[in-house]
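*Asks:* build me a model:
(one chain, ligands or ions: 1)
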Amino acid sequence: MRHVAVIGSGPAGYYTAEALQKQFGDEVRVDIIDRMPVPYGLIRFGVAPDHQSIKAVYRRYEKVALSDNVRFVGNVLVGRDVTVAELRGLYDAIILATGAPSDRPIGIPGDDLPGVIGSAAFVGWYNGHPDFADLDPPLDIETAAVIGNGNVALDVARILSKTPAEFVGSDIVAHAFSMLGNSAIRSIHILGRRGPHQIAMTPKELGELAHLEDAVPRVELDDFPPELDDALLEPGQRKSVTHLRDFARLEADKRKTILFDFFAKPVRIEGEGKVERLIVERTMLDERKAAIGTGETYEIPCGLIVSCIGYKTPPIEGVPYEEDRGRFANHEGVIGEGLYAVGWARRGPTGTIGTNRPDGYEVAERIAADLGSARGRKEGRPGLDRLLESRGVDVCTFRDWQKIEEAEIQRAREGSPREKFVAITDMLGARGR
Ligand code: NAP
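*Replies:* Residues are numbered from 1 along each chain as shown. Here you go, the predicted model:
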């Protein structure tokens, strides 16, 4: 028998468990440890609440979770309740699948003013992450600025633009639903430090902006290179740029506007005790397509700034870490003997949910090669249970999660698939123990 601990129950964690099952069949026991009492990480707390079709992938993870040799060990924080060194003593292999749930700081003067929010916090707030329940973003303002030209920036701009009716069918949490419904925001700037050809937005997500009930996207065609140059782009990017160009033809007849500010690099945030304006420097591209400042600046009066410039993996004591890349130091997923990383904790925050799948399969093969034909010699589950019990840790099992989920479905408002519990105490309470 091989005993494997996977830390993190998001997509990377479950794809890895699935791969380990395929690799070892009945000869493996996998414990998926998560700091939250509830599973699925990014699917629950990161994917936009109005993107239920993307969230539906959790059904695949559920199948893995329900198999006999995979166990969910929730409400256990590695580093606090158990250390990586202790886990190494108990398991034949440890796989870090902790994702990248922390914000990269924007690092400009004024970024500590109230009203400047990182996307991990903002996305966590509308998705019911317990850490961000009290965020209380200022929405009683007219203009918001969203920094970044990736899909997270699109998610944030779209969520800020939607009407309550457009959230039907979503699992947006009650506190965010009600605050967004009363929002005074009328214009949302999306700032890219480079141009339309350099966006990191995908076509489907970008196309959605053209169909919002109460908001319309706007671009300045002067920002675009000649249309003939679009032919040089790879097909997906070309499609995205076509969407952007099409935005110029839309009627500006809705209450809210989403403005694309290209070649716009934030340099300073100003305000008396809170955000009042963002100072932006116009840029141009050098020959390597990097943004260089022109020295010319303009200001965007705004009361909320959400910076969507990428994420980082929080370090764990005793695990080598690459500060500049915000991920665990690893070579092709191997951190050290018996210690591996998958997903964003391995690669950094790039790619779609499915990109994590090959990581899991690669690491399972790697573990098989590293362990060879030798049977694992570690104790695995019973050892962890003993340790956690001795420390009074209130572990959440997958059965507990099923009860929490049932309760969330029962208390859902009409048209919503669930009403998530936000406080950890409420999640634990819903187990009915
Ligand atoms: P991302 O795709 O890496 O985009 C980050 C953006 O921030 C880029 O436009 C980047 O510009 C910009 N940026 C970085 N540092 C900056 C700075 N200091 N000042 C101004 N702009 C800065 O990251 P993301 O949007 O967080 O998304 C993470 C991953 O999740 C991506 O792979 C994304 O596709 C995926 N995702 C997918 C979906 C979906 O499929 N529906 C939804 C959400 C997220 P430069 O290019 O100039 O560096």
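*Asks:* now Lys378: how far from Val363?
*Replies:* 17 Å (C-beta to C-beta, to the nearest Å). For glycine as for every other residue, the C-beta is placed from the backbone atoms N, C-alpha and C.
*Asks:* can you give me the neighbour number for the closest residue to the ligand within the stretch 251-400 of the chain?
*Replies:* For the stretch 251-400 of the chain, the residue closest to the ligand is Ile309, as judged by C-beta to the nearest ligand atom, at 3.6 Å. Per other C-beta atoms under 10 Å, the neighbour tally for Ile309 reads 20.
*Asks:* per-residue pLDDT of it, please?
*Replies:* Confidence at Ile309, expressed as pLDDT, is 97.
*Asks:* quick one: it from Gly8, how far?
*Replies:* Distance of Ile309 to Gly8, given as C-beta to C-beta: 23 Å.
*Asks:* tell me the buried residues in the host helix or strand of Asp426?
*Replies:* Assigned by DSSP states H and E, Asp426 belongs to helix 424-429. Within helix 424-429, the residues scored as buried using 16 or more other C-beta atoms under 10 Å are 424, 427-428.
*Asks:* next one: stretch 377-384
*Replies:* For stretch 377-384, the neighbour count (16+ other C-beta under 10 Å) marks 378, 380-381, 383-384 as buried.
*Asks:* still on that earlier bit, what residues does the helix holding Asp426 touch?
*Replies:* Residues from elsewhere that reach helix 424-429, judged by C-beta atoms under 8 Å, 6 or more residues apart in numbering: 36-38, 75, 130, 394, 396, 404, 421.
*Asks:* take those residues and keep only those in helices.
*Replies:* Residues of the contacts of helix 424-429 located in helices (DSSP state H): Ile404.
*Asks:* type out the ChimeraX command that picks the buried ones from the contacts of helix 424-429.
*Replies:* ChimeraX command restricting the contacts of helix 424-429 to the buried ones, with burial defined by 16+ other C-beta under 10 Å:
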select :36,37,38,75,130,396,404,421
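*Asks:* can I get the contacts of helix 424-429 in TSV with distance to the ligand and pLDDT?
*Replies:* Putting the contacts of helix 424-429 into TSV (distance: C-beta to the nearest ligand atom, whole Å; pLDDT from 0 to 100) gives the following:
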residue	distance to the ligand	pLDDT
Met36	20	98
Pro37	25	98
Val38	20	98
Asn75	26	98
Pro130	21	98
Asp394	32	97
Cys396	27	97
Ile404	25	98
Phe421	24	97
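*Asks:* what's the local residue count around the closest residue to Val280 other than its chain neighbours?
*Replies:* Once flanking residues are discounted, Val280 sits nearest to Ala264: 4.7 Å by C-beta to C-beta, 6 or more residues apart in numbering. Neighbourhood size, Ala264 [other C-beta under 10 Å]: 26.
*Asks:* I figured Ala264 hits Ile190, correct?
*Replies:* No. With contacts counted by C-beta atoms under 8 Å, Ala264 stays clear of Ile190, the gap being 9.3 Å.
*Asks:* residues contacting Pro266?
*Replies:* Per C-beta under 8 Å, 6+ apart, neighbours of Pro266: 106, 108, 145, 147, 191, 193, 278-280, 305.
*Asks:* residue contacts, Thr98?
*Replies:* Counting by C-beta under 8 Å, 6+ apart, Thr98 has contacts 7-8, 313-314, 316, 345.
*Asks:* looking at the residues you listed, which one is closest to Arg218?
*Replies:* Here the nearest of the contacts of Thr98 to Arg218, counting by C-beta to C-beta, is Thr313; it sits at 35.8 Å.
*Asks:* Thr294 is in what secondary structure piece?
*Replies:* strand 291-301.
*Asks:* give me the buried positions along that strand.
*Replies:* For strand 291-301, the neighbour count (16+ other C-beta under 10 Å) marks 291, 300 as buried.
*Asks:* that strand - contacts with which helices or strands?
*Replies:* For strand 291-301, the elements it packs on are strand 143-147, strand 264-270, strand 277-285, judged by 3 or more C-beta pairs under 8 Å, 6 or more residues apart in numbering; DSSP states H and E.
*Asks:* which of the ones you listed has the highest mean neighbour count?
*Replies:* Mean neighbours per residue, mean count of other C-beta atoms under 10 Å, is largest over these for strand 143-147, with a mean of 26.
*Asks:* given that one, what are its sheet partners and their directions?
*Replies:* strand 187-191 (parallel), strand 304-307 (parallel) (DSSP bridges).
*Asks:* which of these is buried the deepest?
*Replies:* strand 304-307 (a mean of 27).
*Asks:* CA atoms of it as PDB?
*Replies:* The C-alpha trace of strand 304-307 is given here as PDB (Å, rounded to 0.1, in the frame of the first residue of the first chain):
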ATOM      1  CA  LEU A 304     -12.800  51.600  -5.900                       C
ATOM      2  CA  ILE A 305      -9.800  50.000  -7.400                       C
ATOM      3  CA  VAL A 306      -9.600  46.200  -7.900                       C
ATOM      4  CA  SER A 307      -6.200  45.000  -8.900                       C
END
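*Asks:* so which of the contacts of Thr98 are in helices?
*Replies:* Ala345.
*Asks:* restricted to strands, list the contacts of Thr98.
*Replies:* Ile7 (DSSP state E).
*Asks:* most neighbours out of the contacts of Thr98, which is it?
*Replies:* Ala345 (33 neighbours).
*Asks:* run through the residues that contact that one.
*Replies:* 8, 12, 96-100, 313, 327-328.
*Asks:* contact residues of the stretch 301-433 of the chain facing the ligand?
*Replies:* 308-310, 349-352 (C-beta under 6 Å from any ligand atom).
*Asks:* secondary structure added to these, as CSV?
*Replies:* Compiled in CSV, those are given as follows (DSSP: H, G, I helix; E, B strand; the rest coil):
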residue, secondary structure
Cys308, coil
Ile309, coil
Gly310, coil
Pro349, coil
Thr350, coil
Gly351, coil
Thr352, coil
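*Asks:* show me which positions of the longest helix along the chain end up buried.
*Replies:* Using DSSP H to define each element, the chain has its longest helix at helix 356-371. By 16+ other C-beta under 10 Å, the buried positions in helix 356-371 come out as 356-357, 359-364, 366-368, 371.
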